[in-house]
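Chemist: Would you be able to build a 3D model of this:
(chains A and B)
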Protein chains: 2
Amino acid sequence: MTSVLIIGGGGMIGQKLAQSYGNNDTVSVLDMAFTEPSNVKAKKIVGSVTDAGIWEKTLSDLPDTIFYLASVVSGEAEVDFSKGWDVNIHAFWSFLDQIRDQYLKSEGRYKPRIIFTSSIAVFGSPFPNKITDDFLTAPRTSYGAQKSCCEIMLNDFIRKGFCEGLAIRLPTICVRPGKPNLAASSFFSGIIREPLNGLKAYLPVPTDVQHWHASPRSAVGFLRHAENLGRNAMRFNAALNMPGLSCTVEEQIEALRSIAGNEAVKLIEAKPDEKIIEIVKGWPRNFDAKIALELGFSAESSFVDIIKIYIEDDLKKV
Amino acid sequence: MTSVLIIGGGGMIGQKLAQSYGNNDTVSVLDMAFTEPSNVKAKKIVGSVTDAGIWEKTLSDLPDTIFYLASVVSGEAEVDFSKGWDVNIHAFWSFLDQIRDQYLKSEGRYKPRIIFTSSIAVFGSPFPNKITDDFLTAPRTSYGAQKSCCEIMLNDFIRKGFCEGLAIRLPTICVRPGKPNLAASSFFSGIIREPLNGLKAYLPVPTDVQHWHASPRSAVGFLRHAENLGRNAMRFNAALNMPGLSCTVEEQIEALRSIAGNEAVKLIEAKPDEKIIEIVKGWPRNFDAKIALELGFSAESSFVDIIKIYIEDDLKKV
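Modeler: Here you go, the predicted structure:
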């Protein structure tokens, strides 16, 4: 029996994560709105991470584990500079500050585990063939910069003993159910999801674009595994690249063809978008996630599997 | 003729930097107090970087170049957690935010060059023999974490076009004139400065500790060179390791002996301090500052030279 708070818990991953807990666990989810169709038994808290007083309100129950998923996505952070920094950094700082307050007030008895979802956008090109665990973080987007600062802040709070935790750098989560979002990476899901639902999909980048993916099921697996890791799994750098699958858009399309045939593939229409092409150029393509694999994190090994997981977990529910 | 604002300009480096400008330049210095004996012609502004309204006040003259030196030092940031983050990060953010406001208000006509003094404390062990320009930043102190976040923020403001600039990662500045300060690195200067002034010095670490040094004269040289670099010198990562000299405490002491004799060396007394030993363990020892050297930055090549510069520039003035 454990008590869990999921910040940004109204989103797709947050809802799947909440669902992964049993009846004996106490799960609260905080988000600005709850639009996902939900059969999740969890206490819903409506609010923004930028609200004054939100942390006092949500942390008063002293949850054992806190997942921090709330974020302005990459495309939006690039367009709305102030909003990106306010939500993605300054709100996260206030959160950590409140955690420290609780730690101090309780004389060290309250020390939650904080799992923060970071991103591979913390890396900037030029890249090696495979990015290793000790590769330099040099973001080239505001989103990546914000995630990188959050990692450093969380790491310092952990080092000082105010909390435990881990920042996990998620691959692009694919196939996302539901509608396209403002993330520049949205099309990686769209070109699979839309055709499987009989809808047209637009491809804004060339088919030789290579990227790093994991399914929503893997993402929830990472989060739960991070929660259950031994307290000393990571000593000095609490930010970790997650495993995933590297493939090209071409390989994604061929996986779709093998599952849903030519008719599905015909629904994908090339519609180059220079802005997205430029953003995606600055993103990593492949990783050697050695430490994470050694610590027992795991992901898919073929894009066919990623599509099958979408069909099993989400397609029928749309 | 140029207009310059030096934030944290009351300190040792700030004063030497202000002095390096000519009569035709307009120099303003902001600091909480001006205690250094000063013959510098500069407009003094007394205030803290954390004061409300300080940026409107100091940036209204729209200086061409802004040096941001203000910082809570490493030892203090480690002891006073809140103060470290407030001064070293949150104030820097407000500063950048105000720069962006001025940029937007002027419709892009105001775009200053910002030179930020970062630190080699952004790196955390394990270290290679020599740290290269693409080495991972993984700080192990609050001070290093704060400097690292500032680098990332500045880089994003530069990338978005709101300012130009560079974050330069200074070696430990040695020999600092004046009194010991709260920096954990203070003793590196103390064991040279105190004996040269006939005073006892305490050495808190073993003599085989190896570290990375440059003189105050070099530090001012770095700052002035950074100011005059071409606008496209750094494309995507505006944080740069400065050149310096790697030597052990033993080598420092032998350099002192060669200049000031055994009597001076006898004034150094070993007084191990576990806290400082622990902090210094997490610090880099040697660099290959390839990019900086290619860009024309330069530093000393022997510790004897570093001591001579102290004697020439500062000893007589004490």
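
Chemist: alpha carbons only for contacts and neighbour counts from here, please
Modeler: Noted.

Chemist: any idea of the pLDDT on the residue in chain A that chain B sits nearest to?
Modeler: Using C-alpha to the nearest C-alpha, the single residue of chain A nearest to chain B is residue A:136, 4.1 Å away. Looking at residue A:136, its pLDDT is 93.

Chemist: measure it to residue A:193 for me?
Modeler: Using C-alpha to C-alpha, to the nearest Å, one obtains 34 Å as the distance from residue A:136 to residue A:193.

Chemist: what do you get for residue A:314?
Modeler: With distances taken as C-alpha to C-alpha, residue A:314 is found 10 Å from residue A:193.

Chemist: Wait, the residue of chain A closest to chain B touches residue B:137, no?
Modeler: Yes. Here residue A:136 lies in contact with residue B:137, judged by C-alpha atoms under 8 Å, at a distance of 6.7 Å.

Chemist: So if I had to pick from these two, which one is more boxed in?
Modeler: residue B:137 (22 against 19; other C-alpha atoms under 10 Å in any protein chain shown).

Chemist: ok, now which ones touch the more buried one?
Modeler: Counting by C-alpha atoms under 8 Å, 6 or more residues apart in numbering or on different chains, residue B:137 makes contact with A:136-137, B:122-124, B:148.

Chemist: so how far is stretch A:194-210 from its chain's centroid?
Modeler: Averaging C-alpha coordinates over stretch A:194-210 and over its chain gives two centres that are 21 Å apart (C-alpha atoms, centre = their mean, to the nearest Å).

Chemist: swap that for stretch A:55-63, please
Modeler: Taking C-alpha atoms, centre = their mean, one finds the center of stretch A:55-63 at 23 Å from the center of the full chain.

Chemist: can you check stretch A:151-169 too?
Modeler: In this view, stretch A:151-169 has its centroid 17 Å away from the chain centroid, taken as C-alpha atoms, centre = their mean.

Chemist: Could I get the buried residue list for it?
Modeler: Buried positions in stretch A:151-169, judged by neighbour count with 16 or more other C-alpha atoms under 10 Å in any protein chain shown: A:151-160, A:162-169.

Chemist: now do stretch A:295-304
Modeler: Buried residues in stretch A:295-304, defined by neighbour count with 16+ other C-alpha under 10 Å: A:297-300, A:302-304.

Chemist: With stretch A:270-288 instead?
Modeler: Buried residues in stretch A:270-288, counted by 16+ other C-alpha under 10 Å: A:276, A:279-288.

Chemist: Give me the contact list for it.
Modeler: With C-alpha under 8 Å, 6+ apart as the contact definition, stretch A:270-288 has outside contacts at A:120-121, A:123-125, A:127, A:129-133, A:140-141, A:184-185, A:202-206, A:210-212, A:243-247.

Chemist: hmm, 6 Å instead?
Modeler: Under the criterion C-alpha atoms under 6 Å, 6 or more residues apart in numbering or on different chains, residues A:124-125, A:130-132, A:202-205, A:210-212, A:246 lie in contact with stretch A:270-288.

Chemist: same question, stretch A:143-159
Modeler: Contacting residues not belonging to stretch A:143-159 are listed as A:74, A:77, A:88-89, A:118, A:121-122, A:139, A:164, A:238, B:145, B:149, B:152 [C-alpha under 6 Å, 6+ apart].

Chemist: That stretch - what's its average pLDDT?
Modeler: Here the average pLDDT along stretch A:143-159 is 96.

Chemist: Stretch A:10-19 now?
Modeler: Model confidence over stretch A:10-19 averages 94 on the pLDDT scale.

Chemist: ok, now stretch A:305-313?
Modeler: Predicted confidence along stretch A:305-313 averages 97 (mean pLDDT).

Chemist: Name the residues of it that are buried.
Modeler: Residues of stretch A:305-313 classed as buried by neighbour count (16+ other C-alpha under 10 Å): A:306-311.

Chemist: quick one on the thing from earlier: of residue A:314 and residue A:193, who's got more company?
Modeler: Neighbour tally, residue A:314 and residue A:193, criterion other C-alpha under 10 Å: the higher count belongs to residue A:193, 28 against 16.

Chemist: Just the closest of the buried residues of stretch A:295-304 to residue B:67, please.
Modeler: The shortest separation between residue B:67 and any of those is 44.7 Å, and it belongs to residue A:297 (by C-alpha to C-alpha).

Chemist: Many thanks, I have nothing further to ask.
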